[in-house]
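A.B. asks: My questions concern the predicted model and sequence given below.
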Amino acid sequence: MTKALPSVSRPATPGFATFDEHPHSLLIDGDGAPDFGAIQTSEDFLALKRRVTRFILPATLLFLAWYVTFVLLSAYAADFMSTPLFGTVNVGLTMGFLQFVTTIIITMAYARYAKKRLDPQVDKVRALAETAEELT
Amino acid sequence: MTGANTTINLSVFGIFVLLTLYVVYRASARNVSASDYYAAGSSFTGTQNGIALSGDFLSAASFLGISGAIAVNGYDGFLYSVGWVVAWLIGLLLIAERLRNTGRYTMGDVMAFRMRQRPVRAAAANATLVISIFYMIAQMAGAGGLMALLLDVHSSVGQAIIIAVVGVVMVLYVLVGGMKGTTWVQIIKAVLLVLSGSLLTIFLIGKFGFDFSAMLDRATQRSPLGGAVLSPGVKYGSSELTKLDFLSLALALVLGTASLPHVLMRFYTVPNAREARRSVVWATWMMAIFYSCTLVIGFGAMALVGTDKITGAPGGENSAAPLLAFQVGGTVLLGIVCAVAFATILAVVAGLTLTASASFAHDVYANVIKHGEADPRDEVRVARTTAVCVGVLAIAGGIAANGQNVAFLVALAFALAASANLPTLLYSMFWKRFNTRGTLWSIYGGLTSCVLLIVFSPAISGSKSSVFPDADFAYFPLSNPGIVSIPLSFLAGFLGTILSKEPADPAKQSEMEVRGLTGIGSGLS
């Protein structure tokens, strides 16, 4: 369903791109190719970069730390990991299964965040170079 | 296992081969351009590609191997599954979308994007070929071992013939179907695998009144290790050295998965970054479900079949899932599980062949030899020829390695990918100053240190389970080199960049960063 989104959300004509408060927004050079240097320093792109970093940096550190904790405990705290929790199911097996659960949670959270906070911003940045894309 | 079920196994497998060949043939109608051959014209949806991704990743080693490792070693076998599931977060958060936006066909496209093309592409192709061929020989050798178990073929000539047949069918998939056909084979196989795994799991857990604890209880009674199988340390806990080895393995598993070349190449079969993201979401779900199932299947095999019977069977650990299937569902279920296992080997090897041939044709032939001005038709022709050569090599390697202990080759492939590819990919995406020399140092530094450490490890010589048990040149004490070679590669990439006088190309860096995040300039929608 997201497949149709990009083409719909893109302005139909180049003129449209100038509509939203960016009178100077077509960041393309004389040949109609995107001016990557200018896009890279544009406010919209920097905002996109911040939003990306705000999610992936803490998420990556978190899941790596959680995984390393699990691995280290398995290697060096076998007694703790063998403590029974539910019947014969012990801390280690539960923690291992929880790794699956947290992986799914982070995955779904990122998918949601990307759809709500990243994709619209990507469209905004793409609008900056819209005519260039039409020409190529 | 008795010979009576051989006919059923063979016919279920035969049906699978005919069905997939038909699908591959149907999918191949317009299979002409380079984009079609390498990336299926980027025409798959995220969902389809996500299922295929999990198919690429769920090799026979992870299906039979992991359920067997759990059935024999209990908790320590389960550790593999955890690493392989968590690893997909790296693919999702750091790699998939940027890779799709930046490259076209191969890993080399991304690594060489803002570097000098020829040396970097050659390096990327070297890494791809080495990793893919190691991985492939492990799969092919495993195929021989499986035959002994599943088809009751015990003569080495018979096994060699079967390895050759597997090789020929897989080259056919690649030649006829290209990426599109191979992807469909992966989709069919992944659905079969996850479906049969889930059904077996539900059935098993139902047998114990949906009480996992009761199942574990029964399992501990059937294992010679008793309650210890539920605790860490059965396999890796005996000394400080084995614990370190385990840490090293855990590191390679989590960092290597998302940088395996055949996994990376899958991201090009979808039209844009959003679909690439959806692919990983789907793949992660499939993995989490499947590896939860192997936990139940593994302990179920321990409970119902018993560890002694599994280790005593031909094929050893690998026979846990088939033996369990026979126990609960008779010859028909055994036939299905065996056919799925074969299909898995076939499909994974086809994916690897395609990746290796694409890397040679696109990176080496088109960009290094022809300086980027090759006729796309010639490029595809070279890719197909390479696929045949790789296939022959895999068949020969598989026959030579048949019966050897080659499990370390799979672990090595992960360590190699984590050492040679991941640091390079991360640096080139996230570090502005990274330059050509840094790229070459991190690829070759990771690749050579990893291979050398393996050569001098106990996996090759010096112990009873080594490839050369009579020689002893195991100067490096760990079987898994990752804990040394991964940091080394990061360091090499850093030093290479710092020590080089050649600055990074700022214009190319801007282009790569903007394109990686937004897709501007890539022509993708």
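C.D. replies: Arrived safely. Residues are numbered from 1 along each chain as shown, chains lettered A, B, ... in the order given.
A.B. asks: and residue 123, how many neighbours?
C.D. replies: Answering for chain A, as no chain was given. 18 (other Cβ atoms under 10 Å in any protein chain shown). All C-beta atoms are positioned from the backbone trio N, CA, C, and that covers glycine.
A.B. asks: if you could check chain B rather than the one you did, that'd help
C.D. replies: Neighbour tally, B:Ala123, other Cβ under 10 Å: 25.
A.B. asks: so what's it up against?
C.D. replies: Neighbour list for B:Ala123: B:111, B:439-440, B:443-444 [criterion: Cβ atoms under 8 Å, 6 or more residues apart in numbering or on different chains].
A.B. asks: next one: B:Val388
C.D. replies: B:171, B:175.
A.B. asks: just B:Phe468 next, same as before
C.D. replies: Counted by Cβ under 8 Å, 6+ apart, B:Phe468 has contacts B:460-461.
A.B. asks: do B:Val368 as well
C.D. replies: For B:Val368, the contacting residues are B:117-118, B:121-122, B:125, by Cβ under 8 Å, 6+ apart.
A.B. asks: Read off the pLDDT value for the residue of chain A found nearest chain B.
C.D. replies: Here chain A gets closest to chain B at one residue, A:Gly87, 3.0 Å apart by Cβ to the nearest Cβ. With respect to pLDDT, A:Gly87 has a value of 86.
A.B. asks: my guess is it contacts B:Ala214, does it?
C.D. replies: Yes: with contacts counted by Cβ atoms under 8 Å, A:Gly87 reaches B:Ala214, the gap being 7.3 Å.
A.B. asks: more crowded one of those two?
C.D. replies: B:Ala214 (16 against 13).
A.B. asks: just checking, B:Phe414 touches B:Thr257?
C.D. replies: Yes: taking Cβ under 8 Å as the definition, B:Phe414 is a contact partner of B:Thr257 at 6.9 Å.
A.B. asks: Between those two, which has more neighbouring residues?
C.D. replies: B:Phe414 (27 against 24).
A.B. asks: give me every residue that touches residue 68.
C.D. replies: No chain was given, so I picked chain A. Contacts of A:Val68 (Cβ under 8 Å, 6+ apart): none.
A.B. asks: actually it's chain B I care about, not the one you picked
C.D. replies: Here B:Gly68 is in contact with B:77, B:298, B:301, B:310, B:316-321 (criterion: Cβ under 8 Å, 6+ apart).
A.B. asks: try it again with 7 Å
C.D. replies: Counting by Cβ atoms under 7 Å, 6 or more residues apart in numbering or on different chains, B:Gly68 makes contact with B:310, B:317-321.
A.B. asks: Now the helix or strand hosting B:Ala341: buried residues?
C.D. replies: In this structure, B:Ala341 sits in helix B:320-358 according to DSSP states H and E. Within helix B:320-358, the residues that count as buried by 16 or more other Cβ atoms under 10 Å in any protein chain shown are B:320-329, B:331, B:333-358.
A.B. asks: So which elements touch the helix ranked longest in chain B?
C.D. replies: Counting residues, the longest helix found in chain B (DSSP state H) is helix B:156-207. Packing partners of helix B:156-207 (3 or more Cβ pairs under 7 Å, 6 or more residues apart in numbering or on different chains; DSSP states H and E): helix B:6-27, helix B:34-39, helix B:46-57, helix B:117-150, helix B:273-304, helix B:320-358, helix B:376-401.
A.B. asks: okay, the ones you listed in TSV with mean pLDDT and distance to B:Val168 next?
C.D. replies: Formatted as TSV, those follow (pLDDT from 0 to 100; distance: least, Cβ to Cβ, whole Å):
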stretch	mean pLDDT	distance to B:Val168
helix B:6-27	81	11
helix B:34-39	86	19
helix B:46-57	93	21
helix B:117-150	85	12
helix B:273-304	94	29
helix B:320-358	85	11
helix B:376-401	89	7
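A.B. asks: closest one to B:Ser466 among those?
C.D. replies: Evaluated over the helices and strands packed on helix B:156-207, closeness to B:Ser466 peaks at helix B:376-401, with 13.7 Å, by Cβ to Cβ.
A.B. asks: got the angle between the closest one and helix B:117-150?
C.D. replies: Per axes from the mean of the first three to the mean of the last three Cα atoms, to 10 degrees, the angle that helix B:376-401 makes with helix B:117-150 is 40 degrees.
A.B. asks: Helix B:376-401 to helix B:320-358, inter-axis angle?
C.D. replies: Angle, helix B:376-401 to helix B:320-358, by the same axes, to 10 degrees: 140 degrees.
A.B. asks: following helix B:376-401, which helix or strand comes up?
C.D. replies: helix B:407-416.
A.B. asks: That next one vs helix B:376-401, what angle?
C.D. replies: 140 degrees.
A.B. asks: in the very next helix or strand once past helix B:407-416, what's buried?
C.D. replies: Heading C-terminal from helix B:407-416, the first helix or strand you meet, by DSSP H and E, is helix B:422-430. For helix B:422-430, a neighbour-count test (16+ other Cβ under 10 Å) marks B:422-429 as buried.
A.B. asks: Also stretch A:58-75?
C.D. replies: A:59-60, A:63, A:66-67, A:70-71, A:73-75.
A.B. asks: Averaged pLDDT, that stretch. What do you get?
C.D. replies: Stretch A:58-75 comes out with an average pLDDT of 96.
A.B. asks: Relative to the whole chain's centre, how far out is that stretch?
C.D. replies: Centroid separation for stretch A:58-75 versus its chain: 21 Å, with Cα atoms, centre = their mean, to the nearest Å.
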